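Novice: Model the structure of this input:
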Amino acid sequence: MDGPKVVTTDVANHKPVNFLLMEMEAVAKDQSTLQTTEIGDAQTAKLDANIETMIYEKQNKILHDLSEDVQNASTKGQGVTKAQNAYSVASTKANSEESQADGAVRSSQGQTDSDSKNLNGKAMMAQGVASILTTTQNLLARY
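Specialist: Okay, here's the model as predicted:
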């Protein structure tokens, strides 16, 4: 009874296949890909944080200027309601924009955290694979 044939040579190049080396190369490539992904996600988180900072600064300046308009209208005794309404509309808009920016930052930070956990898990797996491969190599060296 013939079982499945195990290929032990690279047919195209007629070279022996080193399964231990292939396994380690696959693990290294997987970790490299995850590191690249984590770096990209961290850069996105940094960009989102910079955008959030610009939004906060812009909205704070607008609200500061409108607050002064309300104070000036109060001093003059006219146009207070109009100035307060303008401030209220701007405040609502600022809260909305700031909330959206904050959500984007939290999302990218969460993705970076997830990438880090995945990378740590892959590192632990690589250690396990290395241990198995070392044991296998030692066993094969005996025979």
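Novice: I'd like the average pLDDT over stretch 87-103.
Specialist: Mean per-residue pLDDT for stretch 87-103: 94.
Novice: Sort out which residues of that stretch are buried, please.
Specialist: Residues of stretch 87-103 classed as buried by neighbour count (16 or more other C-beta atoms under 10 Å): 87, 90, 94, 98, 101. No exception for glycine: its C-beta is placed from N, CA and C like everyone else's.
Novice: In strands, which of these fall?
Specialist: Under the assignment DSSP state E, the buried residues of stretch 87-103 contribute nothing to strands.
Novice: Which of these fall within helices?
Specialist: Judged by DSSP state H, the subset of those located in helices is 87, 90, 94, 98, 101.
Novice: In this structure Thr44 contacts Ser107, no?
Specialist: No - using C-beta atoms under 8 Å, Thr44 is not in contact with Ser107, being 9.2 Å away.
Novice: So between these two, which is more surrounded?
Specialist: More crowded of Thr44 and Ser107, by other C-beta atoms under 10 Å: Thr44, with 17 against 13.
Novice: Not counting its neighbours along the chain, what's nearest that one?
Specialist: Nearest residue to Thr44 in three dimensions, chain neighbours excluded: Ser108, at 4.8 Å (C-beta to C-beta, 6 or more residues apart in numbering).
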